[in-house]
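>>> next input, structure requested:
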Amino acid sequence: MKGLTRRQCCAQLAVMVGGLAAGGCLTVSPRQEVEIGRKEAEDVERTIGLVRDRRLVDYIGGIGRRLAQASGRTEITWQWNVADEGDANAFAVPGGWVYVTRGLLAITNREDELAGVIAHEMAHVTERHAVARVGAATPLAVLFGVPSSLLGMVSPTLGDAVIDAGRAVSGVALAPYSREQELEADRIGSALAARAGWDPAALAAFLATLERAEALAGARRRSSFFATHPGTPDRVAHIQAAVRSLPAAAAPIRTTRAALLGRLDGLVLGDNVANGLFVGPLFLHPGLDLALEMPAGWKTANGPEAAGAVAPDEKAAVIVQISGSGDDPAAGARADGLKEEQIAKLRRLTIAHMPAAAITATTRKGMNLAITWIAHNKRVVRVMGVCGEADWERHRGELERAAATCRPLRAEDRARIVETRLHIRPARAGERIAQVLARGGAAWSPAQAAVANAVGGEQALERDWPVKVAVSEPYRP
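Down below sits the predicted model:
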């Protein structure tokens, strides 16, 4: 969760997407396609976040530029980025924005694999699959089932903020590609990678690694590059058949696994602690120097802009966001669009020696809100409890207690704020993955490390073979 940037809903985009859903991608001009993509890219940057490591971003961009040159599609202004997401994923939005996630990079072992994934996503753009995907998606205007229009009846600005919060916690909503679109992107992407000089069969090898990772994660899996795609054996067979008919690359690219892993050394794994983290129901945010406890047993979620929890019966939610800056909590309420007569009704209080202001409101459509603004370290944080009127008495105590638990971080809190990063450890001759990890400091299990390194658990490793390991270490802002 970080500073909130609000975006008004764009009527022009709604018209374009509405027309697209009704009539198919042919109703969208190239100019409109770029506009749709630009707005989706803004959502990605704001709600998922981007990795700012120039060394890594420039490397991904270099692969993309070589693929773009081989594609010959000079009319597309391509942009390649690394999304700040711990799950293995890759996606594209209309107009030429292509993303791979930190989680995907963490299980990549050859540059050819990475080129194949990027080429696959570029194919979705060139074939205009990405346009149809956005048009078929249901826009995410709801956070935890709370319509933003209801909050807009208290404050239009607050309603817009919740639209963004929904995307912040749940990510950008994209509909799945069809089986035919996925197989077409595999075929075209593999051919594009081959023309650019990479091994076109590497995409199939990466899919096998990804399938191993998904199987190991089991029910913990949240999203993946092929969560809604055709089955992996089907895709691998189609890729292998397509590769057999491709001519050999005129200038094949020669890269080493060690060179790739050297670029990934230090990569953040899992959730980015800079956005805060949950330790059970306790939310800790090092940048804000704040801790807050969500109700026990509630499902929690976190993103760059918002953190929250939803009740087991899905009838109530708590949403935490930055409202504004300053030392006066009422300034946060004003920034959220409350009128002066509403400001006058604020209850002034102190929470853990921090100035706060609270208000309880009921909308005309039967939603109850318990909103508390808390000022700390020149920022105002909004803690908002939301519940239907029929369930208000049942959940009111939990919603109000959540805001009351807000406090500055303690020493024991800071000790729990650790992050996991990828590091490279050379193997000793004949070692197995488990033996490499047994030398200490590794956070992955042997099974997880075997998948990430694309080797068998009992495979004997060569001397100095670079092994990716996950290491937990104190968070460094």
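>>> so where's the stretch 51-200 of the chain uncertain?
Along the stretch 51-200 of the chain, the model assigns pLDDT under 70 to residues 132-175.
>>> all strands of it, in order?
Secondary structure of the stretch 51-200 of the chain (DSSP state E, counting those that start in this stretch): strands at 79-83, 90-93, 97-101, 142-143, 146-147.
>>> tell me how far the second one lies from the chain's centre.
Yep, that's strand 90-93 we're talking about. Centre-to-centre, strand 90-93 and its host chain are 12 Å apart (CA atoms, centre = their mean, to the nearest Å).
>>> so what strands line up beside that strand?
Strands adjacent to strand 90-93 in the sheet, as given by DSSP bridges, are strand 97-101 (antiparallel).
>>> could you check how far the partner strand is from the centre of its chain?
Taking CA atoms, centre = their mean, the mean C-alpha location of strand 97-101 is offset from the chain mean by 11 Å.
>>> and for stretch 428-436?
A distance of 34 Å separates the centroid of the chain from that of stretch 428-436, by CA atoms, centre = their mean.
>>> span of it from start to end?
End-to-end distance for stretch 428-436: 8 Å, by CA to CA, to the nearest Å.
>>> still on that earlier bit, now the strands of the stretch 51-200 of the chain in TSV, with mean neighbour count?
C-beta coordinates here come from the backbone N, C-alpha and C atoms, glycine included. Shown next, in TSV, are the strands of the stretch 51-200 of the chain (neighbours: other CB atoms under 10 Å):
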stretch	mean neighbour count
strand 79-83	21
strand 90-93	25
strand 97-101	25
strand 142-143	22
strand 146-147	21
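>>> I'd like those strands as JSON lines, with distance to F206 appended.
Shown next, in JSON lines, are these (distance: least, CB to CB, whole Å):
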{"stretch": "strand 79-83", "distance to F206": "16"}
{"stretch": "strand 90-93", "distance to F206": "10"}
{"stretch": "strand 97-101", "distance to F206": "11"}
{"stretch": "strand 142-143", "distance to F206": "34"}
{"stretch": "strand 146-147", "distance to F206": "39"}
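>>> out of those, nearest to S29?
Nearest to S29, of all these, is strand 90-93, at 16.4 Å by CB to CB.
>>> just the residues contacting that closest one, thanks.
Strand 90-93 has contacts (CB atoms under 8 Å, 6 or more residues apart in numbering) with 36-37, 40-41, 44, 83, 98-101, 104, 117-118, 120-122, 124-125, 130, 134, 172, 174, 225.
>>> same deal with stretch 278-289?
By CB under 8 Å, 6+ apart, the residues outside stretch 278-289 that reach it are 1-2, 273-277, 290-298, 300, 302, 307, 309, 320, 322, 376-377, 379, 381, 408-409, 413-414, 416-417, 475, 477.
>>> now restrict the residues you listed to buried residues only.
1-2, 273-277, 290-295, 298, 300, 302, 307, 309, 320, 322, 376, 379, 381, 409, 413, 417, 475 (16 or more other CB atoms under 10 Å).
>>> among those, which lie within strands?
277, 290-293, 300, 302, 307, 309, 320, 322, 376, 379, 381 (DSSP state E).
>>> hmm, which of these is lowest in pLDDT?
When those are compared on pLDDT, N302 comes out lowest, with 84.
>>> any idea whether A415 is helix, strand or coil?
Under the three-state scheme (DSSP: H, G, I helix; E, B strand; the rest coil), A415 adopts helix.
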